[in-house]
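Asker: Let me see the structure of the following:
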Amino acid sequence: GTTANGGNANNATAGAGGTTGGGPGAGGVLLLSDGLNGTAPGGGGSGASSLIQLGGPGRKGGNGGSGQIKVTYSCPTYSFNAISASDVCTASGTTSLVRLSSPTSLPVGDYVVTYNRSSPSANTLTANATVTVAGTLEFAATGLNTTGSSTITVTNLKSESCSNNFSTGNAVTITVSSVSIGGSINTPAPICSGNTSGLLTLSGNTGSVVKWQYAVSPFTTWIDILGATTNTYTSGLLTQTTQFRAVVKNGFCDAVNSSSTTVTVNPIPIIVSSGILADICYEAATQRTASLAYSNANNNPISYSISWNTAANSAGLANQVNTPFSFLPGGGNLNTIIIPAGVPANTYSGIMTIYNANCSATLPIQLTILPKPSAPALGSVTQPICALPTGSLTLSGLPASVTWLIRQTGTVSTTYTNTGTTYTVSNLAPG
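Answerer: Below is the predicted model of the structure:
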């Protein structure tokens, strides 16, 4: 105060309040007494009694009251120009971290965020948040336990006694996903080497197919299949037993593998052969067999069949049904190929199919039936005489384009092999 803050000692009257808003002064005192303290804020104390006191200490005036400082504070405007949130997987929780951003309107401090949640529906939810770096506020939106989408709408930010409401640009949509389930794949029928798997179908899954993978024995290393992202898949050509699986991911949840399925690939039978049957001669009335040489047999071939082409069928070569045969691993001759009587001399083609227990393979084959040669004409004959103990004879009309063979029987048996249309057999003994 300024002037009449303290009462005087004689009239016990309190002083008036100070001119700057101080509290009232203390009341005056009577007789022998110290002054009284003033009242806060800023009241003056009273003076001591004015009577004379002999032989004792003097009296003191009262203390002035404590002063006061008044501060005027204006609340800042809290705002944000961006809002984002993390998606949720119910397998790991039901809380999303929501982020509000503003370079200038989110100062450091403690906040209470008020927000609404669309699914499951709830309004006026609150969350505490602390901004440690100006410009970014993060809070946890809870209770997101219903799969699908849920919108978080921030309606108010409060710090101490200051707050701001929001009605636009204050919402973010969160995807809430249930745990990924891999599902299972159908088991396809076994196939033969060199064929595709057939259609593989994934079912019972929750989530989308991220990719398909395959593995071969020992089925420990899985390899991604490029471009395979649907619930069905058909492989390329397979040459060994192969396992397949799908990788499935549902929303924000971790990806998981489906159960695997096995495509069993059986080997095809193999015989190593030129496919050229040994030539045979024409026979008008006798059924014969032709043979096919092979140098190796793999994957347990057990039988064969033959389909001759149209020209061969027309000439009288009948298709041969599935015929058992004991193929030798080290090679041999397949010698049970039936050639009917009366098939004209010519070269014929067909397809031989070789079978094992599960699969088959084909081999183009060719058969040449040679015309039966005419009997050669007997030419000059030289009889043995005393001066020439052996005779000779000349044959003509022999086949011109092949190597022929002549057998001699009688007193001496021998064979002659040569080429040309004439030949003289000499050194013929009498008899």
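Asker: Break down the stretch 51-200 of the chain into its helices, ranges please.
Answerer: Using DSSP state H, counting those that start in this stretch, the stretch 51-200 of the chain contains no helices.
Asker: looking at the protein, which helix or strand is least sure?
Answerer: strand 404-408 (a mean of 85; mean pLDDT, DSSP states H and E).
Asker: Could I get the average pLDDT for the helix or strand following that one?
Answerer: On the C-terminal side of strand 404-408, the nearest following helix or strand under DSSP states H and E is strand 414-418. On average, the pLDDT along strand 414-418 is 89.
Asker: Can you show me the CA trace of strand 414-418 as PDB?
Answerer: Extracted C-alpha coordinates of strand 414-418, given in PDB (Å, rounded to 0.1, in the frame of the first residue of the first chain):
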ATOM      1  CA  THR A 414      30.000-124.700 -97.200                       C
ATOM      2  CA  THR A 415      28.700-121.200 -97.900                       C
ATOM      3  CA  TYR A 416      29.600-118.500-100.300                       C
ATOM      4  CA  THR A 417      28.900-114.700 -99.800                       C
ATOM      5  CA  ASN A 418      29.500-112.100-102.400                       C
END
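Asker: re earlier: which elements pack onto the least confident helix or strand of the chain?
Answerer: Secondary-structure packing of strand 404-408 (3 or more C-beta pairs under 8 Å, 6 or more residues apart in numbering; DSSP states H and E): strand 414-418, strand 422-428. (C-beta placed from N, C-alpha, C; glycine too.)
Asker: How about residues contacting the first one?
Answerer: Around strand 414-418, the neighbours that count as contacts under C-beta atoms under 8 Å, 6 or more residues apart in numbering are 403, 404, 405, 406, 407, 408, 423, 425.
Asker: In contact with the first one, which residues?
Answerer: Residue 403 makes contact with 417, 418, 419 under the criterion C-beta under 8 Å, 6+ apart.
Asker: follow-up on the earlier one: make TSV out of the contacts of strand 414-418 and add distance to residue 288.
Answerer: Shown next, in TSV, are these (distance: C-beta to C-beta, whole Å):
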residue	distance to residue 288
403	21
404	20
405	18
406	22
407	20
408	26
423	27
425	29
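Asker: related to what we said a few turns ago, what is the orientation angle of the least confident helix or strand of the chain with strand 422-428?
Answerer: Orientation check (axes from the mean of the first three to the mean of the last three C-alpha atoms, to 10 degrees): strand 404-408 against strand 422-428 gives 30 degrees.
Asker: Contacts only, for the nearest residue to residue 82 once chain neighbours are set aside.
Answerer: In this structure, residue 82 finds its nearest non-sequential neighbour in residue 101, 4.2 Å apart by C-beta to C-beta, 6 or more residues apart in numbering. Counting by C-beta under 8 Å, 6+ apart, residue 101 makes contact with 80, 81, 82, 83, 84, 135, 136, 137.
Asker: Fine by me, we can end here.
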